[in-house]
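>>> Give me coordinates for this.
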Amino acid sequence: MNEAWKKPPITLDAYQAMVGKEIGVSSWHLIDQPRIDAYADVIEDHQFIHVDPERAKKETAFGTTIAHGFLTMSLMSIMSYEVMPVIAGTTMGVNYGFDKLRFISPVRSGKRVRGRFMLTEAKLRKAGELQSRTNVTVEIEGEDKPALVADWLGLIYFA
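Below is the predicted model:
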């Protein structure tokens with residue numbers, strides 16, 4: 001079980017008061033070759049830039065393998081669990097998609113990434129359903145440019 005869900009819940013009003021504010025920054029998450037290889041196996045994308053360190057070193061400007069962009073994006077889930085508050089009375093939350101997602105810089109194998117979260121919208125669509133919009137920047141440790149920026153939408157349901 002993810003320990004992040006053990007945070008004390010906040011009220012819906014308190015959550016909505018966070019709009020326009022940075023909510024927080026996650027811990028660092030290592031993207032190493034075993035993680036890249038496991039992800040490649042799951043999605044069946046074994047392009048050499050991801051899974052062949054020797055060839056990637058010789059044939060790319062990256063100098064090594066790089067993470068799949070969608071691997072980096074998928075880590076936003078664990079990062080959000082670490083940072084985003086739980087709203088009292090929530091029964092579930094679901095991904096609603098992205099209005100914007102851009103892969104800015106490749107994440108080289110062995111690098112660590114973290115997410116920076118800013119809540120930009122939290123509005124009730126109907127009774128028991130909140131739509132949230134969160135601006136997420138996934139930073140790469142020691143690098144100036146982020147791995148990605150996203151305008152992430154979520155739906156939060158209440159009992």
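
>>> Which parts of the chain are strands?
Remark: strands assigned in the chain by DSSP state E are 21-25, 29-31, 90-103, 111-126, 129-140, 148-158.

>>> in the longest one, what's buried?
Right, strand 111-126. Neighbour-count burial for strand 111-126, counted by 16 or more other Cβ atoms under 10 Å, picks out 111, 113-119, 122. Placement of C-beta: from N, CA and C, glycine included.

>>> how distant is it from the center of its chain?
9 Å (Cα atoms, centre = their mean, to the nearest Å).

>>> Kindly export stretch 130-147 (C-alpha atoms) in CSV.
Only the C-alpha atoms of stretch 130-147 are listed here, as CSV (Å, rounded to 0.1, in the frame of the first residue of the first chain):
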residue,chain,number,x,y,z
LEU,A,130,-14.5,17.7,-8.8
GLN,A,131,-12.3,18.5,-11.8
SER,A,132,-8.7,19.4,-11.0
ARG,A,133,-6.0,20.8,-13.2
THR,A,134,-2.4,20.6,-12.0
ASN,A,135,0.6,22.0,-13.7
VAL,A,136,3.4,19.5,-13.3
THR,A,137,7.1,20.0,-14.2
VAL,A,138,9.3,16.9,-14.0
GLU,A,139,12.8,18.1,-13.2
ILE,A,140,16.0,16.2,-13.9
GLU,A,141,18.6,16.3,-11.1
GLY,A,142,21.5,18.5,-12.1
GLU,A,143,20.0,19.7,-15.3
ASP,A,144,18.6,23.2,-16.2
LYS,A,145,15.8,22.0,-18.5
PRO,A,146,13.0,19.7,-17.3
ALA,A,147,12.2,16.3,-18.7
